[in-house]
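Novice: how would this look folded up:
(one chain, ligands or ions: 1)
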Amino acid sequence: MTKALLAIDQGTTSSRAIVFCPQGEVLACAQKEFEQHYPRDGWVEHAPSDIWNTILEVCRDALAQAEINPSDLIAAGITNQRETTLIWDRNTGEAVYPAIVWQDRRTAAFCARLKKEKKEALVRKKTGLLLDPYFSGTKIRWILDNVEGAREKAEAGELLTGTVDSFLIWHLTKGRVHATDATNASRTLLFNIHKQTWDPELLELFGIPASLLPDVRDSAGDFGHIDADWLGAEVPIRGVAGDQQAALIGQACFSAGMCKSTYGTGCFLVMNTGELALTSSHNLLTTVAYRINGKTTYALEGSIFMAGATIQWLRDAVKLIDDAAESLALAQQVGSRQSVYLVPAFTGLGAPHWDPNARGTLAGMTRNTGIPEIVTAGLQSVAYQTQDLIQAIQDDGLAKLHSLRVDGGMAVNDWVLQFLADILQIPVERPANTETTALGAAYLAGLGSGTYKSLEHIAELWKTESIFSPDMPEEDARSLHQGWLNALEGTKTISRLNTGCDQ
Ligand code: ADP
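Specialist: Sure, this is the predicted structure:
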């Protein structure tokens, strides 16, 4: 009889379930997209019923495809879009408002007010985060203040809150367990990452009653059982982590200094910093990488807004290519030593620049510049932005990276990974299994259920598919990157001038 692990991956645009065998091979995968709601400018919501129904559907579908009896599941692990926030009734399970998604900016004015009141240093010190609408705390407050009767009910102990993991755990266990894991808690603005507790001073600052909050548990551990009514047999939930942390685990980055970068729509770079919760002077976030056996491992995180999305822009907006995959042949034709730079600051610049007003530029063109050069510059921008993040990590005093593990949709492009290795001057490793987020959830479930004895055991299962080694002299890499920094400076100057015009 085949024994398996079930990874439940609740993402921003779709819900997925993947059945893994204990060696980490995929046995079956099911995915279902759901609707995004944009009720106003800057607002993004998900229907809680969509989150729940798509998860049930994909879990049942993946089990059927794998021809696995639910009673043969050793355990389930959950990974989720982070920061997205829900509040629901503890008696009925009904959400009092749609899920407010991480991208939602409705609490920007409140964040600005707290910044003006000089609260950011306190928040930063305790949570490792910045005062930004991105995180959950101000979203919880918004629901309590704007949904009729919500605050009264919350104060009477009738409501519960949580990120998507908590919401799913509560429903999967039929209300028996209201819990989250330390990685998800670390994205709320309410959790003291050093003490590993909800912070009374922050709860007061954000006006959130403590009775709403879930119990914070280790990332590998006991989160109750999926009720037999849902999948046909009870399934223990033994692992939980937010998506980027799950990818770090799925990439087996278990030692301080190991780093993964996920190239999807945007790019998320997460570096394991071991027992040290380092504070960045370059706007990187400090976060919980995972908590296992009561021991917290920390990480530094930097995000870039436009990675694969730049290729989407080249395809859909300026129509220079029909398909993302075409970019590879064009870049091969141009080669890496070109002087055209595309700075894709379409929605501002993320880490380490954090410039919301910056806008994109195309620099360094000549009469010979055509479609291939511009597309190549789009691919190159991803490597240059990664180098900026890694430089920021090093400027924060960390040792030079030995290698970078990559995943995400864009990591299929060999040319990009070779250029990345050239610019970073370190080897870039692509794993055999690129489903790293779901794999991380499965690994945690396996660890929490005793299938794996230790993180070392998991590290032995992790396999490389390709290693891209630097193949460009360091001087050339430096001079190409310097060209990027010059283009970036131009972009920032234009954004300063434009901001000046607006005033
Ligand atoms: P997400 O999880 O954010 O939806 P994925 O990990 O599925 O994203 O990656 C999709 C992204 O990868 C798209 O933005 C697409 O432009 C990019 N992409 C896909 N294939 C290629 C390719 N061959 N070369 C460059 N970029 C690619």
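Novice: looking at the residue of the stretch 1-150 of the chain found nearest the ligand now. What's its pLDDT?
Specialist: Of all residues in the stretch 1-150 of the chain, residue 13 sits closest to the ligand, at 6.2 Å by CB to the nearest ligand atom. For the C-beta atoms, the positions are set from N, CA and C on the backbone; glycine is no exception. If you check residue 13, the pLDDT there is 85.
Novice: ok, now which ones touch residue 449?
Specialist: 74-75, 236, 238 (CB atoms under 8 Å, 6 or more residues apart in numbering).
Novice: close to the ligand, is stretch 398-412?
Specialist: Yes. Stretch 398-412 reaches the ligand (CB under 6 Å from any ligand atom) through 408-410, 412.
Novice: how about that stretch: buried residues?
Specialist: Residues of stretch 398-412 classed as buried by neighbour count (16 or more other CB atoms under 10 Å): 398, 401, 403-408, 410-411.
Novice: so where do the helices sit in the stretch 251-400 of the chain?
Specialist: All helices of the stretch 251-400 of the chain, identified by DSSP state H, counting those that start in this stretch, fall at 308-316, 326-334, 371-395.
Novice: can the second one be said to contact the ligand?
Specialist: The reference is to helix 326-334. Yes. Interface with the ligand: helix 326-334 contributes 327-328 (CB under 6 Å from any ligand atom).
Novice: let me see the mean pLDDT of that helix.
Specialist: 96.
Novice: only the buried residues of it, if you could.
Specialist: 326-328, 330-331, 334.
Novice: of those, closest to residue 148?
Specialist: Distance to residue 148 across the buried residues of helix 326-334 (CB to CB) is lowest for residue 327, with 50.4 Å.
Novice: count of neighbours near the residue of the stretch 151-300 of the chain found nearest the ligand?
Specialist: Nearest residue of the stretch 151-300 of the chain to the ligand (CB to the nearest ligand atom) works out as residue 264 at 2.7 Å. As a burial measure, residue 264 scores 18 neighbours (other CB atoms under 10 Å).
Novice: for residue 461, same thing?
Specialist: Counted with other CB under 10 Å, the neighbours of residue 461 add up to 16.
Novice: which positions in the stretch 201-350 of the chain make contact with the ligand?
Specialist: Within the stretch 201-350 of the chain, the positions near the ligand by CB under 6 Å from any ligand atom are 264-265, 308-309, 311-312, 324-325, 327-328.
Novice: swap the cut-off to 8 Å and go again
Specialist: With CB under 8 Å from any ligand atom as the criterion, the stretch 201-350 of the chain meets the ligand at residues 262-266, 307-312, 315, 324-325, 327-328.
Novice: can you give me the strands in the stretch 51-200 of the chain?
Specialist: 73-80, 85-89, 99-100, 159-163, 179-181, 191-192, 197-198 (DSSP state E, counting those that start in this stretch).
Novice: considering the buried residues of stretch 398-412, which member attains the minimum pLDDT?
Specialist: Among those, residue 398 has the lowest pLDDT, at 79.
Novice: just the helices in the stretch 1-150 of the chain please.
Specialist: Counting by DSSP H, counting those that start in this stretch, the stretch 1-150 of the chain has these helices, from start to end: 48-66, 108-116, 120-127, 137-146, 150-155.
Novice: weakest of those helices in terms of mean pLDDT?
Specialist: helix 108-116 (a mean of 91).
Novice: would you mind writing the CA trace of that one as CSV?
Specialist: Only the C-alpha atoms of helix 108-116 are listed here, as CSV (Å, rounded to 0.1, in the frame of the first residue of the first chain):
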residue,chain,number,x,y,z
ALA,A,108,-2.2,53.0,3.7
ALA,A,109,-3.4,56.2,5.5
PHE,A,110,-3.5,54.5,8.9
CYS,A,111,0.1,53.2,8.3
ALA,A,112,1.2,56.7,7.3
ARG,A,113,-0.4,58.1,10.5
LEU,A,114,1.5,55.6,12.7
LYS,A,115,4.7,56.4,10.8
LYS,A,116,4.1,60.1,11.5
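Novice: contact partners of it?
Specialist: With contact meaning CB under 8 Å, 6+ apart, helix 108-116 is reached by 42, 120, 123, 131-133, 138, 141-142, 205.
Novice: gap between the residue nearest the centre of the chain and residue 64?
Specialist: Compute the mean C-alpha point of the chain, and by CA atoms, centre = their mean the closest residue is residue 244, 3.7 Å away. Separation of residue 244 from residue 64 (CB to CB, to the nearest Å) stands at 30 Å.
Novice: enumerate the residues of the stretch 351-500 of the chain near the ligand.
Specialist: 379, 407-410, 412-413, 416.
Novice: tell me which of these fall in helices.
Specialist: Counting by DSSP state H, these place 379, 416 in helices.
Novice: okay, the residues of the stretch 351-500 of the chain next to the ligand in TSV with distance to residue 102 next?
Specialist: Below are these laid out as TSV (distance: CB to CB, whole Å):
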residue	distance to residue 102
379	27
407	20
408	17
409	19
410	21
412	25
413	26
416	26
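Novice: specify which member of the residues of the stretch 351-500 of the chain next to the ligand is nearest to the ligand.
Specialist: Closest approach to the ligand among these (CB to the nearest ligand atom): residue 409, at 2.0 Å.
Novice: show the contacting residues for that closest one.
Specialist: Counting by CB under 8 Å, 6+ apart, residue 409 makes contact with 263-264, 308, 324.
Novice: which ChimeraX command selects the buried ones in the contacts of residue 449?
Specialist: A single ChimeraX command selects the buried members of these (16+ other CB under 10 Å):
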select :74,75,236,238
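Novice: I'd like the contacts of residue 449 as a markdown table, with pLDDT appended.
Specialist: Converted to a markdown table, the contacts of residue 449 look like this (pLDDT from 0 to 100):
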| residue | pLDDT |
| --- | --- |
| 74 | 96 |
| 75 | 97 |
| 236 | 97 |
| 238 | 98 |
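Novice: other SSEs contacting the longest strand along the chain?
Specialist: Longest strand in the chain by number of residues (criterion: DSSP state E): strand 295-304. Applying 3 or more CB pairs under 8 Å, 6 or more residues apart in numbering; DSSP states H and E, we find strand 295-304 packed against helix 243-250, strand 267-274, strand 285-292, helix 371-395.
Novice: show me what the closest residue to the residue of the stretch 1-150 of the chain closest to the ligand other than its chain neighbours is bridged to.
Specialist: The shortest distance from residue 13 to any non-neighbouring residue, by CB to CB, 6 or more residues apart in numbering, is to residue 33 (5.8 Å). Legend: beta-bridge partners of residue 33 under DSSP bridges are residue 14.
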